[in-house]
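**Q** sharing a sequence plus its predicted fold:
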Amino acid sequence: MTSPTVEERPAPSDGPDAGLLDRLAARIADRTATVGVIGLGYVGLPLAVTVADRGYPILGVDIDRTKIQALDGGRSYIEAVSDDALQAVAAKGRVAWTDDVARLADCDVIVICVPTPLTAHREPDLYFVETTGRQVAQHMTAGTLVILESTTFPGTTRDVLTPILAEGGLVADATFWVGFSPEREDPGNTSYRTATIPKVVAGDSPAANRLMTAFYGNVVESVVPVSGTSTAEAVKITENVFRAVNIALVNELKVIYDAMGIDVWEVIDGAASKPFGFMPFYPGPGLGGHCIPIDPFYLTWKAREYGHTTRFIELAGEINVTMPAFVIGRLRDVLDRVHGIGLSRARVLLVGITYKKNVADMRESPSVELMEIMLRHGATVDFLDPLIPEIPKMRQHMALMGRRSVSMEAVPGQDYHAVLIATDHDAIDYAGLAALGIPVIDTRNAFARRGLPMTNVFKA
């Protein structure tokens with residue numbers, strides 16, 4: 001891959017420079033702009049490969065050297081990007097992978113795709129955004145468009161990132177431009193990929209808006225410009241609040257209907273037959289993933305600055321957080337009723353350790369919370385997950401790191417008292433689990449949806 005050297009790039013200017021803007025716009029239009037993508041995870045890597053596939057030279061940057069080594073070897077570590085796709089863009093000479101942030105000086109467009117977690121007090125943690133912003137400020141040169149894709153509260157791009165970028169001596173909307181475009185990746189969704197998901201885009205000035213629209217217009221099939229970066233940030237927060245609140249609603253209905261002896265899954269399927277006015281959401285053992293359990297609380301935190309409380313969002317969070325305890329309560333009842341034992345004497349097989357079916361992603365997985373609760377109460381717990389042979393290092397739950405999945409072949413000889421289905425991967429042998437003849441606590445309606453015998457199945 002070739003890209004302009006630092007010496008070839010225009011020097012910083014103290015004031016507006018139409019030449020810089022025109023030059024950047026021309027490079028974006030003819031796909032000669034070198035695009036740096038910082039953070040090569042579930043968001044950054046699919047974006048980098050898609051941008052390269054559209055003809056732009058790509059510099060992928062990540063501080064994790066093991067990722068760089070894998071990518072240099074043409075090996076992908078996420079399902080959304082195949083080895084073949086990696087090797088195809090590499091063969092065309094369009095990509096370079098590095099852990100050297102100094103090489104950002106070679107980039108015309110820099111896209112930041114780093115995590116935005118919560119602190120222990122459920123407040124926004126912008127450490128990765130701020131740290132990355134300072135690295136970009138140190139190395140970027142005049143005539144650069146910087147884009148944030150990390151989900152965050154409205155105002156982050158304008159009030160947090162842009163001032164940090166200006167610390168490098170360049171002038172916002174004069175010698176560099178800033179925009180926001182929320183990532184919309186949906187791991188495991190085979191119907192949509194990065195290029196086919198409509199892309200909301202915004203800049204903090206008319207010039208930045210034009211650059212954003214032009215760049216993403218060359219990368220994805222549909223671009224949705226909005227008036228400013230705060231609006232674009234609010235779009236992503238709203239999408240995830242909508243999901244969190246509706247999942248909380250069906251989780252609450254699950255608890256109520258369970259007390260009435262009504263199957264909430266049957267209720268939802270019946271309601272979903274209405275062709276208008278209803279959208280089905282489904283209950284589960286809790287919320288997982290990098291978005292829904294976290295992003296709504298960014299808005300909750302920001303709303304306090306304006307003297308408002310987000311009662312609906314906070315109530316939804318409270319309901320969703322209680323779901324693991326509800327599931328464990330059902331497990332306790334079943335163990336007592338069927339075996340006459342408590343949790344402390346039980347051997348339990350936990351099926352599915354990831355947060356979502358058919359996806360090897362453990363971020364914020366409620367399965368991990370379920371495992372920790374059972375272990376804390378003295379249970380012996382194994383897990384079965386064909387996508388996770390070994391629990392990796394996580395920001396939390398460090399004591400579980402290194403635990404290995406059992407094989408389905410080994411399950412019949414373990415004398416489990418119960419099976420707890422937390423994630424319903426398609427690759428799991430549910431008929432084999434049914435053949436064990438032991439109680440199954442099914443949080444995903446996996447047995448019913450597959451037409452398996454329900455004799456020993458207890459929904460939770």
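**A** Yep, it's here.

**Q** and the most far-flung residue of the chain relative to its centre, backbone torsions?
**A** Going by CA atoms, centre = their mean, the residue of the chain most distant from its centre is Gly340, 41.0 Å out. Phi and psi for Gly340, reported as degrees, to the nearest 10, are phi 70, psi 30.

**Q** same deal with the one 10 residues further on?
**A** Leu350 has phi and psi values of phi -90, psi 120 when expressed as degrees, to the nearest 10.

**Q** Val35 versus that one, what's the distance?
**A** Shown here: Leu350 relative to Val35, a distance of 42 Å by CB to CB, to the nearest Å. (Each C-beta comes from the backbone N, C-alpha and C, glycine too.)

**Q** Ala431 too?
**A** Separation of Ala431 from Val35 (CB to CB): 48 Å.

**Q** who has more neighbours out of those two?
**A** Neighbour totals were compared for Ala431 and Val35, and Val35 leads with 28 against 11 (other CB atoms under 10 Å).

**Q** for Asn456, which non-adjacent residue is closest in space?
**A** Using CB to CB, 6 or more residues apart in numbering and skipping residues adjacent in sequence, the residue nearest Asn456 is Pro439, 5.1 Å away.

**Q** and the pLDDT at the nearest residue to Thr309 once chain neighbours are set aside?
**A** Residue nearest to Thr309 in three dimensions, not counting chain neighbours: Ala303, with 6.7 Å by CB to CB, 6+ apart. In this model, Ala303 is scored at 89, pLDDT.

**Q** kindly report the same for Glu8.
**A** pLDDT, Glu8: 38.

**Q** same question, the one 4 residues further on
**A** As summarised for this prediction, Pro12 has a pLDDT of 41.

**Q** and the strands in the stretch 251-400 of the chain?
**A** 347-351, 380-384 (DSSP state E, counting those that start in this stretch).

**Q** show me which residues of the last one are buried.
**A** Right, strand 380-384. Within strand 380-384, the residues scored as buried using 16 or more other CB atoms under 10 Å are Val381, Asp382, Phe383, Leu384.

**Q** now stretch 37-49
**A** For stretch 37-49, by 16+ other CB under 10 Å, it's 37-49.

**Q** quick one: end-to-end distance for it.
**A** With CA to CA, to the nearest Å as the measure, stretch 37-49 spans 10 Å from end to end.

**Q** likewise for stretch 376-393?
**A** One end of stretch 376-393 to the other measures 20 Å (CA to CA).

**Q** out of the buried residues of strand 380-384, which is nearest to Glu239?
**A** Using CB to CB, Phe383 comes nearest to Glu239 of the buried residues of strand 380-384, at 30.9 Å.

**Q** OK, contacts around that closest one?
**A** Leu349, Leu350, Val351, Gly352, Ile353, Ser367, Met371, Ile391, Arg403, Ser405, Val406 (CB atoms under 8 Å, 6 or more residues apart in numbering).

**Q** can the residues you listed go into JSON lines with extra columns for neighbour count?
**A** Listed next are the contacts of Phe383 as JSON lines, based on neighbours: other CB atoms under 10 Å:
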{"residue": "Leu349", "neighbour count": "22"}
{"residue": "Leu350", "neighbour count": "26"}
{"residue": "Val351", "neighbour count": "28"}
{"residue": "Gly352", "neighbour count": "27"}
{"residue": "Ile353", "neighbour count": "24"}
{"residue": "Ser367", "neighbour count": "26"}
{"residue": "Met371", "neighbour count": "25"}
{"residue": "Ile391", "neighbour count": "21"}
{"residue": "Arg403", "neighbour count": "16"}
{"residue": "Ser405", "neighbour count": "18"}
{"residue": "Val406", "neighbour count": "16"}
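
**Q** for Pro296, state which of these is nearest.
**A** Ser367 (21.0 Å).

**Q** that closest one touches Thr423, doesn't it?
**A** Yes: using CB atoms under 8 Å, Ser367 makes contact with Thr423 at a distance of 5.8 Å.

**Q** common neighbours of those two, please.
**A** Gly352, Ile353, Thr354, Tyr355.

**Q** just send those residues back as JSON lines, with pLDDT and distance to Phe326 too.
**A** Rendered in JSON lines, the data for the shared contacts of Ser367 and Thr423 read as follows (pLDDT from 0 to 100; distance: CB to CB, whole Å):
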{"residue": "Gly352", "pLDDT": "97", "distance to Phe326": "17"}
{"residue": "Ile353", "pLDDT": "96", "distance to Phe326": "19"}
{"residue": "Thr354", "pLDDT": "95", "distance to Phe326": "20"}
{"residue": "Tyr355", "pLDDT": "92", "distance to Phe326": "17"}
